[in-house]
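1. Whatever this is, show me its structure:
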Amino acid sequence: MRKCIKCGEKAQVYLPQHRLSLCKQHYLEWFDNRVEKTIKEFKMFTRKDKVLVAVSGGKDSLSLWKSLINLGYDADGFYINLGIGEYSQKSYELAKSFSEKVGKTLHVVSLYKEMVPIPEMRKYDSRPACSVCGTVKRYYMNKFAKENGYKIIATGHNLDDEAAVLFSNTLNWSVEYLKRQYPVLPEEDGFIRKVKPLCKISEKESAMYAVLSGIDYIEEECPFSEGATSIDYKMFLAQLEEKSPGTKLRFYSEFLRKMYPILKQSEEKPKLQPCKICGEPSTNEICAVCNLKMKISQKEAKA
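-> Numbers count the residues shown, from 1 in each chain. Now for the predicted structure:
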């Protein structure tokens with residue numbers, strides 16, 4: 001029987017990559033300390049900043065929100081109702097229930113009111129649903145944060161997410177994407193600072209934190225994520241991790257330490273301008289979301 005290295009009681013969690021055995025209380029403390037250490041390592045934000053946590057109803061975003069509250073940060077939640085049937089309804093209910101439990105504000109934007117739900121967007125945009133969804137989410141997160149005085153947008157991207165993206169970008173030598181893969185995207189040209197405080201915490205660690213904290217979260221994956229190559233990459237990296245614990249963390253951390261500084265030196269930032277319609281930063285005169293809204297309006301006018 002493994003014992004907690006902190007108190008000697010029966011361990012409920014064993015972390016092979018860190019060679020740690022911990023009881024419930026000390027695991028929750030370890031997780032919070034890990035989040036705090038990451039925030040400080042990358043100078044993400046301070047306790048003076050208003051933080052907007054992008055929540056989906058899943059384990060990562062709710063665990064992040066809970067941890068930031070425990071650590072004393074001024075953090076509210078932001079949920080986008082994507083209109084994906086029962087999946088969106090359930091995820092919203094769980095996010096709302098959590099916000100009430102912790103006594104923090106959950107801001108909500110609904111695509112039903114703003115444009116059209118994700119399942120209907122394929123009528124107006126030929127890109128994969130995940131690509132369109134990502135564009136829309138980034139747009140409304142940034143817009144809402146600016147309009148409501150939030151200085152930071154925090155997302156629940158975990159180590160598995162970051163390692164899978166890094167693997168994909170390295171496999172394809174997508175240098176421009178590699179140049180931007182960092183836990184902090186600074187505020188500039190109309191963009192709010194975006195941070196990933198869970199970037200060094202694995203999906204399993206996040207799930208254990210949620211379970212031990214009594215957080216109810218949606219376990220189903222988004223229906224549109226089925227067949228995504230990122231899932232295959234995660235499975236491959238999980239197999240490596242099983243054979244050699246710490247592989248994912250080492251892969252990601254060494255990239256940040258050795259390769260990112262070199263790539264950063266040659267980064268060429270795209271020229272941005274305010275969208276003529278909404279004022280949000282865009283590479284074109286009219287941003288992608290306003291373009292999409294125009295297509296929807298034109299099609300509806302013809303109907």
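2. tally of neighbours for Glu93?
-> Using other C-beta atoms under 10 Å, Glu93 is surrounded by 13 other residues. C-beta coordinates here come from the backbone N, C-alpha and C atoms, glycine included.
3. Give me the three-state assignment for it.
-> Of the three states, Glu93 takes helix according to DSSP: H, G, I helix; E, B strand; the rest coil.
4. Contact partners for it?
-> Gly57 (C-beta atoms under 8 Å, 6 or more residues apart in numbering).
5. List of residues touching the biggest strand by length in the chain?
-> Ranked by residue count and defined by DSSP state E, the top strand of the chain is strand 74-81. Strand 74-81 is contacted from outside by 47, 49-57, 65, 68-69, 88, 91-92, 95-96, 98-99, 104-112, 136-137, 140-141, 144-145, 150, 153-154, using C-beta under 8 Å, 6+ apart.
6. same check, this time on stretch 32-47
-> For stretch 32-47, using C-beta under 8 Å, 6+ apart, the contacting residues are 51, 64, 67-68, 70-74, 151-152, 154, 182-184, 193, 195, 197-201.
7. hmm, back to that, out of the contacts of strand 74-81, which are inside strands?
-> Lys50, Val51, Leu52, Val53, Ala54, Leu106, His107, Val108, Val109, Ser110, Ile153, Ala154.
8. hmm, back to that, could you check the angle strand 106-110 makes with the longest strand of the chain?
-> For strand 74-81 against strand 106-110, the angle by axes from the mean of the first three to the mean of the last three C-alpha atoms, to 10 degrees is 20 degrees.
9. about what we covered before: only whichever of the contacts of stretch 32-47 are buried, select them in PyMOL.
-> Restricted to buried positions by 16 or more other C-beta atoms under 10 Å, the PyMOL selection for those reads:
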select buried, resi 51+64+67+68+70+73+74+151+152+154+182+183+184+193+195+197+198+199+200+201
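10. give me the number of residues near Tyr280?
-> In this structure residue 280 is Glu, not Tyr. With other C-beta under 10 Å as criterion, Glu280 counts 20.
11. Look up how far Pro197 lies from it.
-> Counting by C-beta to C-beta, to the nearest Å, the separation of Glu280 from Pro197 is 25 Å.
12. In its sheet, which strands sit next to the longest strand of the chain, and in what direction?
-> strand 50-54 (parallel), strand 106-110 (parallel) (DSSP bridges).
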